[in-house]
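J.: Any chance you could fold what I've pasted below:
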Amino acid sequence: MFLDLLALPVTGPVGGISWIAEKILEQAEPQLNEKENLKKQLLALQLAFDMEEIPEDEFEEQEEELLLAIMALEDQERLEQEEG
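T.: Got it, this is the predicted structure:
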């Protein structure tokens with residue numbers, strides 16, 4: 001405990017940087033997972049259409065929704081990178 005207090009001027013900044021990095025990852029992971037899930041849904045939709053399980057008009061409607069959602073996430077990521 002006493003050694004921890006003595007080392008605080010050295011370990012404090014490192015610990016702070018580590019904490020900040022963890023918080024950034026916590027924020028980024030849900031977005032990456034969401035984007036990845038949307039891409040998987042798009043692939044599944046394409047497969048369903050290719051196997052003639054859904055009609056073309058339904059495919060096009062769902063495809064557009066997924067592509068717009070992916071683009072919105074990418075725009076949000078780009079804005080966050082510009083701000084940060």
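J.: Check what pLDDT the residue nearest to residue 56 when sequence neighbours are not counted gets.
T.: If the residues on either side of it in the chain are set aside, residue 56 comes closest to residue 49, at 7.1 Å by CB to CB, 6 or more residues apart in numbering. Quick note: C-beta positions are derived from backbone N, CA and C, even for glycine. On pLDDT, residue 49 comes in at 92.
J.: Give me the distance between residue 49 and residue 40.
T.: To residue 40, residue 49 is 15 Å away according to CB to CB, to the nearest Å.
J.: ditto for residue 73
T.: Counting by CB to CB, the gap from residue 73 to residue 40 is 14 Å.
J.: Remind me what the helix or strand hosting residue 57 packs against, helices and strands.
T.: Taking DSSP states H and E as the criterion, the element that holds residue 57 is helix 56-83. Helix 56-83 is packed against helix 2-50, with contacts defined by 3 or more CB pairs under 8 Å, 6 or more residues apart in numbering; DSSP states H and E.
J.: which regions of this structure lie under the pLDDT threshold?
T.: 1-32, 84 (pLDDT under 70).
J.: if we go to 90?
T.: Filtered on pLDDT under 90, the chain yields the residue ranges 1-36, 77, 80-84.
J.: Counting neighbours, which bits of stretch 60-67 end up buried?
T.: 62, 66 (16 or more other CB atoms under 10 Å).
J.: So which residues make contact with it?
T.: Stretch 60-67 is contacted from outside by 38, 41-42, 45-46, 54, using CB atoms under 8 Å, 6 or more residues apart in numbering.
J.: The closest residue to residue 66 other than its chain neighbours and residue 83: what is the separation?
T.: Leaving aside its chain neighbours, residue 66 sits nearest to residue 42 (4.6 Å; criterion: CB to CB, 6+ apart). Residue 42 is 28 Å from residue 83, where distance means CB to CB.
J.: Kindly report the same for residue 73.
T.: According to CB to CB, residue 73 stands 16 Å off from residue 83.
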